[in-house]
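K.L.:
Below are the sequence and a predicted model for it; my questions follow.
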Amino acid sequence: MRIKLLPTTYWEFKYYNPKAYGYGDVDVFLNESQDIGERVVCILRKKDMLKYNDDKCTDIVFGILCNDCGVHSGLVDLTGLNAGQIVPIQFNKEYNPTIPLEWIEKKFWNL
């Protein structure tokens with residue numbers, strides 16, 4: 001069976017039309033209690049930015065990671081999750097959005 005690598009794309013905001021895209025902070029946690037993790041920046045489509053600012057939204061969308069994870073935080077479990085990778089983002093009502101823990105635990109970026 002052939003496994004595809006995690007898709008990557010341009011992650012610098014200058015490549016995106018600001019009329020169609022925005023960016024925001026997203027948390028990446030390594031555990032259910034959300035006490036180990038780091039904050040990253042992701043590029044989102046404008047229609048998803050509306051959800052980002054909606055304190056009632058719990059949708060999941062896709063965004064483009066703008067940081068290499070684990071570099072500054074020293075979290076080895078996030079090493080290899082790099083800028084340009086397309087990641088799922090879970091909106092959490094009035095709280096900061098997160099990359100779903102189940103996705104992080106599977107470490108798709110290492111396949």
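P.N.:
Ah, there it is. Numbers count the residues shown, from 1 in each chain.

K.L.:
mind checking how far stretch 44-54 is from the chain centre?
P.N.:
A distance of 13 Å separates the centroid of the chain from that of stretch 44-54, by Cα atoms, centre = their mean, to the nearest Å.

K.L.:
Quick check: mean pLDDT of that stretch?
P.N.:
What stretch 44-54 shows for mean pLDDT is 95.

K.L.:
And it, what's buried?
P.N.:
Using 16 or more other Cβ atoms under 10 Å as the test for burial, stretch 44-54 gives L44, R45, D48, M49, K51, Y52. To be clear about C-beta, it is placed using only N, CA and C from the backbone, and glycine gets the same treatment.

K.L.:
so the second one touches K19, yeah?
P.N.:
No: proximity of R45 to K19 does not meet the contact threshold set by Cβ atoms under 8 Å, at 11.0 Å.

K.L.:
Would you mind measuring from N53 to F91?
P.N.:
10 Å (Cβ to Cβ, to the nearest Å).

K.L.:
now swap in E105 and tell me
P.N.:
From E105 across to F91, the span is 20 Å (Cβ to Cβ).

K.L.:
Neighbour count: these two, which is higher?
P.N.:
F91 (22 against 11; other Cβ atoms under 10 Å).

K.L.:
In three-state terms, label the residue lying closest to the more buried one once chain neighbours are set aside for me.
P.N.:
Closest residue in space to F91, ignoring its immediate chain neighbours: C57 at 4.2 Å, by Cβ to Cβ, 6 or more residues apart in numbering. Put simply, C57 is coil when judged by DSSP: H, G, I helix; E, B strand; the rest coil.

K.L.:
can you pull the buried residues of stretch 28-38?
P.N.:
V28, F29, L30, G37, E38.

K.L.:
Quick one: the helices in this structure, in order.
P.N.:
With DSSP state H as the criterion, the chain has helices at 46-52, 101-106.

K.L.:
TSV for the ones you listed, including distance to L75?
P.N.:
Formatted as TSV, these follow (distance: least, Cβ to Cβ, whole Å):
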stretch	distance to L75
helix 46-52	24
helix 101-106	10
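
K.L.:
Nice, that's everything, thank you.
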